[in-house]
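Visitor: have a look; sequence and predicted model below, questions after that.
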Amino acid sequence: MEVTDADFDEKVIKQSRKKIVVVDFWASWCVPCNMLAPILEKVVGMYGENVILAKVNVDECPETADRFGINAIPAVKIFKKGKIISEITGIVPEDTIKKKIDAALIQ
């Protein structure tokens, strides 16, 4: 799901009280972001309705990017119970993402 500055709290913070929300901070011009996106979609898809993937375009949502200290992209933050519980920066293997989500589910 696409998320904006206006609806971040509703779509991410509120939803993370019920499910894990993986937030992908990206930009269309960012080649590594475009490489990571299909990996994130695949891994998050493995969890069905237990995990939600939210995408934040940092060019279109500068307030949210600033709010979470996004200095480099791709940046992924995993939310649970309204808080960031894990982070990933850069391109990482599928297994790394899976391990972070698995850990979030049991926390």
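Guide: It's in. Residues are numbered from 1 along each chain as shown.

Visitor: which residues of this structure fall in helices?
Guide: 8, 31-45, 62-67, 94-106 (DSSP state H).

Visitor: quick one, what contacts the nearest residue to residue 86 once chain neighbours are set aside?
Guide: Nearest residue to residue 86, sequence neighbours excluded (C-beta to C-beta, 6 or more residues apart in numbering): residue 78, at 4.1 Å. In short, each C-beta sits where N, CA and C put it, glycine included. Residues in contact with residue 78 (C-beta atoms under 8 Å, 6 or more residues apart in numbering) are 20-23, 84-88, 100-101, 104.

Visitor: surely residue 107 meets residue 84?
Guide: No - the pair residue 107 / residue 84 is not scored as a contact, 11.9 Å apart, by C-beta atoms under 8 Å.

Visitor: just name the most buried of the helices of the chain.
Guide: helix 8 (a mean of 19; mean count of other C-beta atoms under 10 Å).

Visitor: starting at the chain centroid, how far to that helix?
Guide: With C-alpha atoms, centre = their mean, to the nearest Å as the basis, helix 8 stands 12 Å off its chain's centre.

Visitor: any chance you could list what contacts it?
Guide: Contacts with helix 8, where a contact means C-beta under 8 Å, 6+ apart, come from 56, 61, 64.

Visitor: which strand residues bridge the residue most central in space within the chain?
Guide: Closest residue to the average C-alpha location of the chain: residue 23 at 1.5 Å, with C-alpha atoms, centre = their mean. Going by DSSP bridges, residue 23 is paired in beta bridges with residue 54, residue 77.

Visitor: I'm done for today, thanks for sticking with me.
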